[in-house]
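> show me how the following folds:
(chains A and B)
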2 protein chains.
Amino acid sequence: METKRNVLEKLDEIAMRVYSDLEKSEIPKITLPTRAKSNIRFDEKLNVWKYGKGVTSRSAKTLDGAYMLLRTMYMAEFIKSMIKMKKSSTLRELYYISEGWDLAKFNSQQESDHLAEDLETITGCLREDFRLRPEEDGARIIGDIVVEEITRSGEKRRIHCQDDVGDAGYSIPYNVEKEKINFKSCDADFVLAIETGGMFDRLVENGFDETHRAILVHLKGQPARSTRRFIKRLNEELHLPVFVFTDCDPWSYRIYASVAYGAIKTAHISEYLATPSAQFLGVAPSDIVNYDLPTDKLTNEDVKALKSELTDPRFNSRFWKDEINLQLKLGKKSEQQALAKYGLDYVTDVYLPEKLVQFGVLKK
Amino acid sequence: METKRNVLEKLDEIAMRVYSDLEKSEIPKITLPTRAKSNIRFDEKLNVWKYGKGVTSRSAKTLDGAYMLLRTMYMAEFIKSMIKMKKSSTLRELYYISEGWDLAKFNSQQESDHLAEDLETITGCLREDFRLRPEEDGARIIGDIVVEEITRSGEKRRIHCQDDVGDAGYSIPYNVEKEKINFKSCDADFVLAIETGGMFDRLVENGFDETHRAILVHLKGQPARSTRRFIKRLNEELHLPVFVFTDCDPWSYRIYASVAYGAIKTAHISEYLATPSAQFLGVAPSDIVNYDLPTDKLTNEDVKALKSELTDPRFNSRFWKDEINLQLKLGKKSEQQALAKYGLDYVTDVYLPEKLVQFGVLKK
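Numbers count the residues shown, from 1 in each chain, chains lettered A, B, ... in the order given. Down below sits the predicted model:
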């Protein structure tokens, strides 16, 4: 997270660059990294996947390019005004705000979302610095940790995420940077990030956070940025190991990958979002066999997605190659809640403890 | 909500009925109301839409009917064991639990969901009485109200939904019956139920709950049962008028209808879920014209849905006929967040106050 002054300066720099191009009688342009699977590289230093050297440039030489530069200027101006007024805006609102920008009006929200990401890569700031946020809700957490949130009224509020919240847990806000959220104390051994709400509620009902000293985080499918950032901060600042517990299908492995390695769409800020040490706990294809789980047949889309993962550099490990190949051989997928086949307590009494012993978090 | 003893008795009654059929050498059968748009009638006494006199019967005369009766027995047994063990289960888990029921195993979750609803109509209990719950997350609320929640550990916890929560608000749990949730004090004038998270967060950021003494409830699209029940209780117990604020399209009108009149799927429990006095605040098709809002073209599906609403008894009023016919004429739809065309504060400074004056909640 940048200071307010830095963000304003970096936005001004973009305008300055265009201005100086014009002064030198050059056609203004902006250069950006290419955002595609082919252009992501493993950064050995940061231990996450980042964009490589491929670049795309956006020049006023073409009409489309000129429009994009115009929009960039309007957007920088809008962000500056939000920072000054201490406001924030959803990406959807930003799209509608552009109705007042005359020629610079966006044709679709895809365009405005994309430009917000471009501005991140150009300035090295985060979308949160720009006070832009998505529609998505924050995830919920429950566990023995005290979070200090600075509320809209500027008040510091301490919330114990077991004792001060209802059974639905603490909803994390869309901004989880230090200016908004800090961890005050924590008495837990690890973080368990859970794909589905049904399984999250199961572990809460069974008291797994208390019996196993866990901080439970509901990922809500493909996790929001704020959720990934929150998990990373739990890992880095509190030195808690992170385990990811999902369904057993290719889309769930991508959920794990976005937590551990970074997502392709946000590779320019992987070091803010990814938790490289996060481990995949299950449900793995080998669990289908070992635990004799109820399954569904893989669809054609599933098979395609699994094959695409075999060529995804993020899944280039012995573990993933073996598991994905096994799943293709089985032709089956399964779900977290399929463990209910053995009763409502099986997941907390048997499955998770067995896994945690394997990972060395729990003694036999 | 029924007492535990009543629920157990009512479940036993089903078994008794089958048993007595068998004793009389009759083929066992169960009769249920038909669940379709054609079989919903306005209940003048309760002021909500309920099922009419159409019935369907399920008899062991056919193999399918016999299987369903077998499943009904297993399910009643499972619910009884959950009540005794103070457990609850998601509908998904219930489906997987049936893996252990031999011949009574469900073929799909649709079957098990459907049977859960059938059991409600047969016994007159709620799904919450059966300790079954959906996957969906609870909605979030923010406003000057103190909620007392009885937590999983049995402790009574009072939460002020402005002062004790973060900016994401209080997440309402899946069970909002009196055994779990009670209202302790409230200093607000009305409830505003909001379709999208983006708009909910906008009103929170702008402090609308404080400046206008409102309780803001995030509907999260088509609202969960717990959200509808929560709103109804706010309306009945605290005598707060309820306004529903959605996008301007046929799907959003159905969201309003499910809050105000009851949903077709849950017409057997409309009197628990519907708030007949809830009013539609907007965005209405006439707002598209009056506020000159950005729009999208109606799709073929939109047009079909609008036309179907013209024959839906719940929309049989002058207001809805005029608005729906206007929308069909315009061929346009719009969104809550389209109000951002006029800036981020327009919705709270202009649009909502104008509407609340019309409804007589706010003085000019």
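
> mind checking what secondary structure A:Leu11 has?
Under the three-state scheme (DSSP: H, G, I helix; E, B strand; the rest coil), A:Leu11 adopts helix.

> name the helices or strands packed onto the longest helix along chain A?
Of all the elements of type helix in chain A, the one with the most residues (DSSP state H) is helix A:63-85. Counting contacts by 3 or more Cβ pairs under 8 Å, 6 or more residues apart in numbering or on different chains; DSSP states H and E, helix A:63-85 is packed against helix A:4-23, strand A:29-33, strand A:55-59, helix A:91-97, helix A:109-123. Heads up, the C-betas are built off the backbone N, CA and C, glycines and all.

> where in the stretch 1-150 of chain A is pLDDT low?
Low-confidence segments of the stretch 1-150 of chain A (pLDDT under 70): A:1-2, A:136-138.

> pull up the residues of it that are close to chain B.
By the rule Cβ under 8 Å from any Cβ of the partner chain, the part of the stretch 1-150 of chain A lying against chain B is A:82, A:87-90, A:92-94, A:96-97, A:99-100, A:133, A:135-138, A:140, A:147, A:149.

> try 7 Å
A:87-90, A:92-93, A:96-97, A:99-100, A:135-138, A:140, A:149 (Cβ under 7 Å from any Cβ of the partner chain).

> from these, which two are the most distant?
A:Gly100 and A:Arg140 (36.5 Å; Cβ to Cβ).

> please identify the buried residues of stretch A:339-353?
A:339-342, A:344, A:347-348, A:351-353 (16 or more other Cβ atoms under 10 Å in any protein chain shown).

> out of these, who's near chain B?
A:340-341, A:344.

> between A:Gly100 and A:Arg140, who's got more neighbours?
A:Arg140 (27 against 14; other Cβ atoms under 10 Å in any protein chain shown).

> count the residues that sit near the spatially closest residue to that one that is not a sequence neighbour.
In space, and not counting its chain neighbours, A:Arg140 is closest to A:Gly169: 3.9 Å by Cβ to Cβ, 6 or more residues apart in numbering or on different chains. Residues near A:Gly169, counting by other Cβ under 10 Å, number 25.

> and the pLDDT for A:Gly169?
Note for A:Gly169: predicted pLDDT of 89.

> care to break chain A down by domain?
A:4-133, A:186-358 (automatic domain parsing).

> check contacts around A:Asp296.
A:332-333 (Cβ atoms under 7 Å, 6 or more residues apart in numbering or on different chains).

> I figured A:Glu120 hits A:Ser270, correct?
No: counting by Cβ atoms under 7 Å, A:Glu120 does not reach A:Ser270; the two are 11.9 Å apart.

> of these two, which one has the most company?
A:Ser270 (23 against 19).

> any idea whether the closest residue to the more buried one other than its chain neighbours is helix, strand or coil?
Nearest in space to A:Ser270, with sequence neighbours left out and distances taken as Cβ to Cβ, 6+ apart, is A:Gly262 at 3.1 Å. Assigned with three-state DSSP, A:Gly262 falls in the coil class.

> helices along chain A, start to end?
A:4-23, A:63-85, A:91-97, A:109-123, A:197-205, A:208-211, A:225-238, A:250-260, A:270-273, A:285-290, A:300-310, A:318-330, A:346, A:352-358.

> can you list these in TSV and add distance to B:His160?
Listed next are those as TSV, based on distance: least, Cβ to Cβ, whole Å:
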stretch	distance to B:His160
helix A:4-23	31
helix A:63-85	28
helix A:91-97	29
helix A:109-123	35
helix A:197-205	22
helix A:208-211	24
helix A:225-238	24
helix A:250-260	34
helix A:270-273	33
helix A:285-290	44
helix A:300-310	46
helix A:318-330	47
helix A:346	38
helix A:352-358	35
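
> of these, which is nearest B:Phe106?
helix A:197-205 (16.3 Å).

> got the residues of the stretch 201-350 of chain A near chain B?
Within the stretch 201-350 of chain A, the positions near chain B by Cβ under 7 Å from any Cβ are A:201, A:204-205, A:207, A:294, A:337-338, A:340-341, A:344.

> again, only this time at 10 Å
A:201-202, A:204-207, A:210, A:218, A:220, A:226, A:293-294, A:334-345, A:347 (Cβ under 10 Å from any Cβ of the partner chain).

> inside strands: which ones of those?
Among these, DSSP state E puts A:His218 in strands.

> go ahead and confirm the residue nearest to A:Arg140 touches A:Ile141.
Yes: here A:Gly169 reaches A:Ile141: they are 5.6 Å apart, a contact under Cβ atoms under 10 Å.

> what's the span of stretch A:167-177 from first residue to last?
Start and end residues of stretch A:167-177 are separated by 25 Å (Cα to Cα, to the nearest Å).

> before we move on, the earlier item: how much space separates the residue nearest to A:Arg140 from B:Ser277?
To B:Ser277, A:Gly169 is 32 Å away according to Cβ to Cβ, to the nearest Å.

> could you do A:Trp251 as well?
Distance of A:Trp251 to B:Ser277, given as Cβ to Cβ: 43 Å.

> so between those two, which is more surrounded?
Per other Cβ under 10 Å, whichever of A:Trp251 and B:Ser277 has more neighbours is A:Trp251, with 15 against 11.

> grab the nearest non-local neighbour of the more buried one.
Leaving aside its chain neighbours, A:Trp251 sits nearest to A:Ala305 (6.7 Å; criterion: Cβ to Cβ, 6+ apart).

> okay, now the one you found: neighbour count?
Neighbour tally, A:Ala305, other Cβ under 10 Å: 18.

> so how far is A:Leu103 from the closest residue to A:Lys341 other than its chain neighbours?
Distances taken as Cβ to Cβ, 6+ apart place B:Glu99 nearest to A:Lys341, at 4.3 Å, with adjacent residues excluded. Remark: distance between B:Glu99 and A:Leu103 (Cβ to Cβ) = 61 Å.

> again, but for A:Glu301
Distance from A:Glu301 to A:Leu103, counting by Cβ to Cβ: 40 Å.

> how about A:Thr211?
61 Å.

> which of these two has more neighbours?
A:Thr211 (12 against 9).

> would you agree A:Leu11 is in contact with A:Ala76?
Yes: in terms of Cβ under 10 Å, A:Leu11 counts as a neighbour of A:Ala76; the distance is 4.4 Å.

> overlap in contacts, these two.
Counting by Cβ atoms under 10 Å, 6 or more residues apart in numbering or on different chains, the residues touching both A:Leu11 and A:Ala76 are A:119, A:122-123, A:130.

> out of those residues, who's nearest chain B?
Ranked by distance to chain B (Cβ to the nearest Cβ), those are led by A:Phe130 at 14.0 Å.

> from chain B, how far out is A:Tyr19?
28 Å (Cβ to the nearest Cβ, to the nearest Å).

> surely that residue and A:Pro28 touch.
Yes: A:Tyr19 is within contact range of A:Pro28, at 8.4 Å (criterion: Cβ under 10 Å).

> comparing these two, which residue is more hemmed in?
A:Pro28 (19 against 12).

> distance check, that one against chain B.
On the measure of Cβ to the nearest Cβ, A:Pro28 and chain B end up 29 Å apart.

> go on, A:Tyr174?
As judged by Cβ to the nearest Cβ, A:Tyr174 and chain B stand 7 Å apart.

> excluding chain neighbours, give the residue nearest to that residue in space.
Using Cβ to Cβ, 6+ apart, the closest residue to A:Tyr174 is A:Arg133 (4.4 Å).

> the one you found pairs with what?
Applying DSSP bridges to A:Arg133 gives these bridge partners: A:Thr90.
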